[in-house]
Every structure is written in structure tokens, then in C-alpha cells.
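In: pasting a predicted model and its sequence here:
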Amino acid sequence: MSDVNGPTGQTPASNGLEDAAVGAAGAGAGAEAATGSTTGSATGSTTGSAAESVAGVGAPTSATAVGPHATAAAGGRRVRVVLVDDHRMFRTGVQAEIGETERTGVEVVGEAADVDQAVTVITATRPEVVLLDVHLPGGGGVEVLRRCAPLMADARQPVRFLALSVSDAAEDVIGVIRGGARGYVTKTITGTDLVDSIFRVQDGDAVFSPRLAGFVLDAFASTDAPPVDEDLDRLTQREREVLRLIARGYAYKEIAKQLFISVKTVESHVSAVLRKLQLSNRHELTRWATARRLV
């Protein structure tokens, strides 16, 4: 992990892209009220009917990038990016910060709000970099990575993933890095630092928010790293999600709504978890999860 890099000049104290998302949403609403929606060449296009249904719609104005890759656009370099996040307002804010291709060199070629959409759009557009949220309907970022493994392994045109999440939980970071992501930054990152991180990942570097870099090194490079929990590893990603929600006291109907699945599917997952962990009921399951700090 000697190639770990932190984005230059990051300001964790600010809300970074989260503030940009709020601002962009407000500005977009005002502009639409004043001038109405526009379509056509100004919105850009994405090849493939599957991608068109969730593709990005153009490049809003943003500040000029000033990091090491700030001159990429001037030098003719481009990076094609797909945004995967279940919050539309946040995706709009990211586009406003990084999507002015002539200035940043970043071309947003598609968007997705859940796992199935993400796999469809990524497969159709074959971007160089995917900005991936960790928590998504349909199985989470880890499931996207699993289903896109052949694209990551393509030697001629690899698709690389950069996790972009509000979470800095150890389990989330380790999960996506094990899944194949090249880096992990939090949503407090600034737009200019995010552009720099995208180009670094395109180049094959590993990029982490400064606060996470030491943790990642400890977890993967140290001989004292904690052992893998074999019991937990028996569970699928979806079973782990159900396990956490059960341990937090959610009812089956609430879990079904949260994960966009049926109550019967929730019951099946709970039965599988109890069987694999050799537990008898949800009370034992809650104690098991609490002891491992999964709640």
C-alpha cells in the first residue's frame, strides 16, 4: 500500500460536496422557475438505451480545478465518470462541482441511484472512473463491485472505482477496498480535491481521505491486523444488511421498506442468518451483532 495518496488541501471541517449539493439544488430550482427546463444538445447524451434512462444531463458551471491535474483539460486530457449515489440532490451537487468538462477535464457520462441501475449504466458506458456510494438500495456498493468485477479486470480498458461516501466507518472502508475499489474519500472533500482524486485513480493510484489513510495501512499492511471474522464472512452482503437492521430493532416490514425487498425475502434472509450463525432467535442475533460492534 505504498501508493496511498491523500487529496491535497482537503478541509474536513467544511461540508464540502454536501454543501455544494444543497446549493446546486437550490440554484437549479430557481433557474427552472425562471427559464423552464431545456433539452437537446445542451444536455449531452449517453450511448445505449439502458444508459440514457439514468445518464447525466450536461455540465453545470463549477470552479476551476487547481490541483496537480488542473491543467488536464487544457492539455486535452479527459476522464469519463459515472456517479452512483441514491440521493439525487447530492449527484446534482457533484455535477455542479466537477462536471464542467472544459475546465476540469471530467465528463460525467451517466448516473445511477441503486445497484441494478449502476451495473447497467457502468456496463453500457464503460467509464474510466466510477464514483461509488457505499450504501445503496439493492445490496450496497460492495454488490456493485462484485457484479462489475470483470470490468475492473479488463486489462485493455479497466473500470476503476473511487468510493465517495458520508461514512467513515471501518467496516464500510474495508468492505469496498476488499471489493476492488481503488480509494475511499468522504463527502467533506472539496470539488477541486475530488477532481484530483479522480485523475489519480484513473492513473492507477490508491487515494484516501487523510483521516482514513492511516487506518487503511494498518488494516492491510500491519501484521497485527485483526483476523477475519469467519462467522461474519459466511453471510452475504444482503444478509449482513438484514442482520444489522434486525439488531437495531427494525420490524420485518420496516426492513423490507428500507431495502426495497418483500417481507418474505426478509424472513428468508433472517432464517439464513440464524442457520449460518447457529442462533435460535432474533434476541440471540442482536447480542451476537452487538458483541461484534455491528449495530
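Out: Good, I have the coordinates.
In: how many other residues sit next to the residue nearest to V106 when sequence neighbours are not counted?
Out: Sequence neighbours aside, I98 is the residue nearest to V106 in space, at 4.8 Å (criterion: CB to CB, 6 or more residues apart in numbering). C-beta: built from backbone N, CA, C; applies to glycine. Using other CB atoms under 10 Å, I98 has 30 neighbouring residues.
In: tell me, please, where in the stretch 51-200 of the chain the pLDDT is lower than the cut-off.
Out: Where the stretch 51-200 of the chain drops to pLDDT under 70, the residues are 51-75.
In: would you map the helices across the stretch 1-150 of the chain?
Out: Applying DSSP state H, counting those that start in this stretch to the stretch 1-150 of the chain gives helices spanning 17-35, 49-52, 88-98, 101-104, 115-125, 140-147, 149-152.
In: now the stretch 151-295 of the chain
Out: 170-179, 191-202, 210-221, 230-233, 237-247, 252-259, 263-277, 282-291.
In: which one of those has the lowest average pLDDT?
Out: Lowest mean pLDDT within these: helix 210-221, a mean of 69.
In: one step back: do you know which of the helices of the stretch 151-295 of the chain lies nearest G105?
Out: With distances scored as CB to CB, the stretch of the helices of the stretch 151-295 of the chain nearest to G105 is helix 191-202 (7.3 Å).
In: sorry, back to before: most packed of the helices of the stretch 151-295 of the chain?
Out: helix 191-202 (a mean of 26; mean count of other CB atoms under 10 Å).
In: got the angle between it and helix 88-98?
Out: Angle between the axes of helix 191-202 and helix 88-98 is 90 degrees (criterion: axes from the mean of the first three to the mean of the last three CA atoms, to 10 degrees).
In: got a list of what the residue nearest to V106 touches?
Out: By CB atoms under 8 Å, 6 or more residues apart in numbering, the residues touching I98 are 62, 65, 81, 104, 106, 108, 191, 194-195, 198.
In: dump the residues you listed into a markdown table; add distance to T123 as well.
Out: Putting these into a markdown table (distance: CB to CB, whole Å) gives the following:
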| residue | distance to T123 |
| --- | --- |
| S62 | 28 |
| A65 | 28 |
| V81 | 15 |
| T104 | 25 |
| V106 | 20 |
| V108 | 17 |
| G191 | 27 |
| L194 | 24 |
| V195 | 25 |
| I198 | 20 |
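In: between these, which is nearest V130?
Out: Among the contacts of I98, V81 lies closest to V130 (CB to CB), at 7.2 Å.
In: that older thread, closest to A247 among the contacts of I98?
Out: L194 (33.7 Å).
In: so how far is L83 from the closest residue to that closest one other than its chain neighbours?
Out: Sequence neighbours aside, I98 is the residue nearest to L194 in space, at 5.8 Å (criterion: CB to CB, 6+ apart). Distance check for I98 against L83: by CB to CB, to the nearest Å, it reads 9 Å.
In: I122 now?
Out: 11 Å.
In: overlap in contacts, those two.
Out: 110, 112.
In: who has more neighbours out of those two?
Out: Between I122 and L83, L83 has the larger neighbour count (other CB under 10 Å), namely 27 against 24.
In: that one pairs with what?
Out: L83 forms beta bridges with E111, L131, as assigned by DSSP bridges.
In: hang on, V108 packs against R78?
Out: No: counting by CB atoms under 8 Å, R78 is not a contact partner of V108; they are 11.3 Å apart.
In: quick one, which of the two is more surrounded?
Out: Set side by side, V108 and R78 show more neighbours around V108, with 27 against 15, by other CB under 10 Å.
In: buried residues, stretch 133-151. List them.
Out: 133-134, 136, 138-148, 151 (16 or more other CB atoms under 10 Å).
In: let me know the closest of those to L274.
Out: Nearest to L274 among these, with distances taken as CB to CB, is G139, at 20.4 Å.
In: report the contact partners of the closest one.
Out: 115, 237-238, 241.
In: can I get those residues in CSV with distance to T186?
Out: Shown next, in CSV, are those (distance: CB to CB, whole Å):
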residue, distance to T186
V115, 21
Q237, 21
R238, 25
E241, 21
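In: let me know the closest of those to T265.
Out: R238 (8.8 Å).
In: nearest residue to that closest one other than its sequence neighbours?
Out: G139 (5.6 Å).
In: so what's the residue count around A96?
Out: If you count neighbours by other CB under 10 Å, A96 ends up with 23.
In: for it, give its distance to L83.
Out: Counting by CB to CB, the gap from A96 to L83 is 12 Å.
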